[in-house]
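Engineer: Quick one: sequence and predicted model below, then my questions.
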Amino acid sequence: MKYRSIVEAIMDHASRDPEKLCTADTVKAYSYRGFVDLIRNMAALFGTMGVARGDCVVVEAAQRAEFMAIEFGLHLLGAVFVPTENRCSAKKMDEIATKCNAKILVVLKDIKLSGHSVYTYAELQEKLGVTDDRNEDSFRMPESEEISEILFSTGTTGKEKGIVLTHGSAVAVAENIVCGSDMKMDNVELIPSPLNHSHGLRSYYANMFCGGAAVLVDNLMNMKRFYELMDQYAVKAMDLVPSALSVILRLSGDKLGEYREQLRYIEFGSAPMPDSDKKHIMRLLAGIPLYNYYGSTESGRATVYNFNCGNEKEHCIGRPTKNTEIVIVNEERCPICSNKDHPGLLACKGPMNMLYYWQDSEETRIAMENGCIYTSDEAYVDEDGDIILIGRKGDVINIGGKKVAPDEIENAAKGMPGIADCGCISVEDAVSGNVPKLFVQMDPGYTYDAKAIRNYLGSQLESYKIPKYFECIDKIPRTFNGKLQRKILRLR
């Protein structure tokens, strides 16, 4: 069956296998029948609140089944879902609600916002039994081209942007993941990734699309509960951002390796993974597919690469996913034949792409043309047909005509005892032109020694890649999911 939306897929699976596990969190589990009942009740409740087709509703994210039921209840009504991060400030909630002219806001704890109708999760639960009499036939399934959600970016590169997505794009991304990970209908996937962020949401969508199950985790610091859920639901797969993997490895050591026979795969994305963590997980789960997805909120899960294939390529992001066409273009956006010596800029075509940026035609014009998303990521296609990502234009360091990815320097530096974290940028030098500068954050008890770091890197890298400048800082700036904020380093 060709689904027009994720909520339609959920409804169809509920009709086929109603008692099958659908969604669980740390408190409660729902069968497909039970989850659909909750979705319908949410839709009816929002209807009594005056929410209509096309209205925006801002919802504070939580790793709970009811958060997802709120989303799909809104979709069943034809409304637009606008998630915010968990513990979002009242100021930011107000800004987002004002930007999208939100009908109502749903929050975890009561806040007062002038000019907005605000309800808590608890208030929704109290009202669920007081709904109208509409049955399932009174709801019209959303069409593929209708707007399903607006995901506001984290704003790490400047002003915050609202990425407008359709039901059809959510289905296309789900297909990209299902085919890219070879997901089965009996899949049970553990998802600790924040559900306001596109990465975690899309992994959830994929499981609902294929008729699998999703187990939502809200606290990675409680490793005992984490592994209890792995056992309780016989988890077969996981979705992790690199920072979550770091926490798991730090708090539970090699325990994840005990689940080698149970796990079918782990999918990663949203930020680069430290080399040390990558080697650790590859050793623990030898032979288990470890999929890294490349993409963005604007163009979801565009490529996939199993880096645990036994013949890993450095900086490889694999090949296009099911619904994606990758094009390497020049500065004028004309397709080129790329190779290592002649890279270009990566562009993504496909139905998973966003419609536009909310109320921002200029940024939309910069980012896309004729439905194609143009990135500032430098890349090329190698002789095997794999896509090699050099890095973001502006981040890549051009040293005497030789292009160096800053993460290559960072990964080398992280191997030195005492370096807790680091970040590399390009700076201008009167003698050499562009040269690398490395910011380092030292582990407690270690003394910063630029000469020692330079000597260590001399044993790991070619001479032209060794940073000319070093600086020790208290904390390397990163986003919640571990993405390095180079812009902040450049402003120092």
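Structural biologist: Ah, there it is.

Engineer: Point out where the protein drops to low pLDDT.
Structural biologist: In the predicted model, the chain carries pLDDT under 70 at residues 129-138, 154-159, 481.

Engineer: which helix is the longest one in this structure?
Structural biologist: Ranked by number of residues, the top helix in the chain under DSSP state H is helix 32-48.

Engineer: Name the residues that touch it?
Structural biologist: Here helix 32-48 makes contact (Cβ atoms under 8 Å, 6 or more residues apart in numbering) with 7, 10-11, 13-14, 17-23, 30, 57, 65-66, 69-70, 72-74, 76-77, 79, 104, 124, 127-128, 130-132, 134, 136, 139. In this view, the C-beta of every residue, glycine as well, is placed from N, C-alpha and C.

Engineer: Dump the C-alpha coordinates for that helix into PDB.
Structural biologist: Included here for helix 32-48 are C-alpha records, laid out as PDB according to Å, rounded to 0.1, in the frame of the first residue of the first chain:
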ATOM      1  CA  TYR A  32      -1.200  -0.400  17.500                       C
ATOM      2  CA  ARG A  33      -4.800  -0.600  18.500                       C
ATOM      3  CA  GLY A  34      -4.200   1.300  21.800                       C
ATOM      4  CA  PHE A  35      -2.000   3.900  20.100                       C
ATOM      5  CA  VAL A  36      -4.500   4.600  17.400                       C
ATOM      6  CA  ASP A  37      -7.200   5.000  20.000                       C
ATOM      7  CA  LEU A  38      -5.000   7.600  21.700                       C
ATOM      8  CA  ILE A  39      -4.400   9.400  18.400                       C
ATOM      9  CA  ARG A  40      -8.100   9.600  17.600                       C
ATOM     10  CA  ASN A  41      -8.900  10.800  21.100                       C
ATOM     11  CA  MET A  42      -6.200  13.500  20.700                       C
ATOM     12  CA  ALA A  43      -7.600  14.600  17.400                       C
ATOM     13  CA  ALA A  44     -11.100  14.800  18.800                       C
ATOM     14  CA  LEU A  45      -9.900  16.800  21.800                       C
ATOM     15  CA  PHE A  46      -7.900  19.300  19.700                       C
ATOM     16  CA  GLY A  47     -11.100  19.600  17.500                       C
ATOM     17  CA  THR A  48     -13.100  20.700  20.600                       C
END
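
Engineer: Tell me how far Asp277 lies from Leu389.
Structural biologist: 18 Å (Cβ to Cβ, to the nearest Å).

Engineer: Sitting in strands, which of the contacts of helix 32-48 do you find?
Structural biologist: Using DSSP state E, the subset of the contacts of helix 32-48 located in strands is Leu21, Cys22, Thr23, Tyr30, Val57, Ile104.

Engineer: beta partners for the first one?
Structural biologist: Here Leu21 shows beta-bridge partners Ser31, assigned using DSSP bridges.

Engineer: show me the contacts for it.
Structural biologist: Neighbour list for Leu21: Ala29, Tyr30, Ser31, Tyr32, Val188, Ala213, Tyr233 [criterion: Cβ under 8 Å, 6+ apart].

Engineer: swap in the third one?
Structural biologist: Contact criterion Cβ under 8 Å, 6+ apart gives Ala29, Tyr30, Phe35, Ala65, Met68, Ala213, Ala214, Val215, Leu216 as the residues in contact with Thr23.

Engineer: Adding distance to Tyr204 and neighbour count, write those out as JSON lines.
Structural biologist: Putting the contacts of Thr23 into JSON lines (distance: Cβ to Cβ, whole Å; neighbours: other Cβ atoms under 10 Å) gives the following:
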{"residue": "Ala29", "distance to Tyr204": "15", "neighbour count": "16"}
{"residue": "Tyr30", "distance to Tyr204": "13", "neighbour count": "21"}
{"residue": "Phe35", "distance to Tyr204": "12", "neighbour count": "25"}
{"residue": "Ala65", "distance to Tyr204": "10", "neighbour count": "22"}
{"residue": "Met68", "distance to Tyr204": "7", "neighbour count": "28"}
{"residue": "Ala213", "distance to Tyr204": "10", "neighbour count": "26"}
{"residue": "Ala214", "distance to Tyr204": "5", "neighbour count": "27"}
{"residue": "Val215", "distance to Tyr204": "10", "neighbour count": "25"}
{"residue": "Leu216", "distance to Tyr204": "8", "neighbour count": "24"}
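
Engineer: of all the residues you listed, which comes closest to Val173?
Structural biologist: Within the contacts of Thr23, distances to Val173 taken as Cβ to Cβ reach their minimum at Ala214, with 14.9 Å.

Engineer: In stretch 54-65, which of the residues would be classed as buried?
Structural biologist: For stretch 54-65, the buried set under the neighbour-count rule, 16 or more other Cβ atoms under 10 Å, comprises Asp55, Cys56, Val57, Val58, Val59, Glu60, Ala61, Ala62, Gln63, Arg64, Ala65.

Engineer: same deal with stretch 313-324?
Structural biologist: His315, Cys316, Ile317, Gly318, Arg319, Pro320, Thr321, Lys322, Asn323, Thr324.

Engineer: Quote the end-to-end distance of that stretch.
Structural biologist: The first and last residues of stretch 313-324 sit 21 Å apart, counting by Cα to Cα, to the nearest Å.

Engineer: what helix or strand is Arg454 on?
Structural biologist: Arg454 belongs to helix 450-458 when elements are defined using DSSP states H and E.

Engineer: Please state the offset of that helix from the chain centre?
Structural biologist: 35 Å (Cα atoms, centre = their mean, to the nearest Å).

Engineer: Tell me the helices and strands packed up against that helix.
Structural biologist: Packing contacts for helix 450-458, counted by 3 or more Cβ pairs under 8 Å, 6 or more residues apart in numbering; DSSP states H and E, involve helix 406-413, strand 469-472.

Engineer: buried sites along that helix?
Structural biologist: Ile453, Tyr456, Leu457.

Engineer: What are the contacting residues of it?
Structural biologist: For helix 450-458, the surrounding residues in contact (Cβ under 8 Å, 6+ apart) are Ile409, Ala412, Ala413, Met416, Ile419, Leu438, Val440, Lys465, Ile466, Pro467, Phe470, Cys472.

Engineer: Can you dump the C-alpha atoms of it in PDB for me?
Structural biologist: Output in PDB follows, covering the C-alpha atoms of helix 450-458 (Å, rounded to 0.1, in the frame of the first residue of the first chain):
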ATOM      1  CA  ALA A 450      51.400  23.300  22.800                       C
ATOM      2  CA  LYS A 451      54.900  22.000  21.900                       C
ATOM      3  CA  ALA A 452      54.000  18.500  23.200                       C
ATOM      4  CA  ILE A 453      50.700  18.600  21.200                       C
ATOM      5  CA  ARG A 454      52.500  19.700  18.000                       C
ATOM      6  CA  ASN A 455      55.100  16.900  18.400                       C
ATOM      7  CA  TYR A 456      52.300  14.300  18.900                       C
ATOM      8  CA  LEU A 457      50.500  15.500  15.800                       C
ATOM      9  CA  GLY A 458      53.800  15.300  13.900                       C
END
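
Engineer: how close does the residue nearest the centre of the chain get to Ala29?
Structural biologist: In the chain, the centroid-proximal residue (Cα atoms, centre = their mean) is His199; its distance is 2.4 Å. Using Cβ to Cβ, His199 is found at 23 Å from Ala29.
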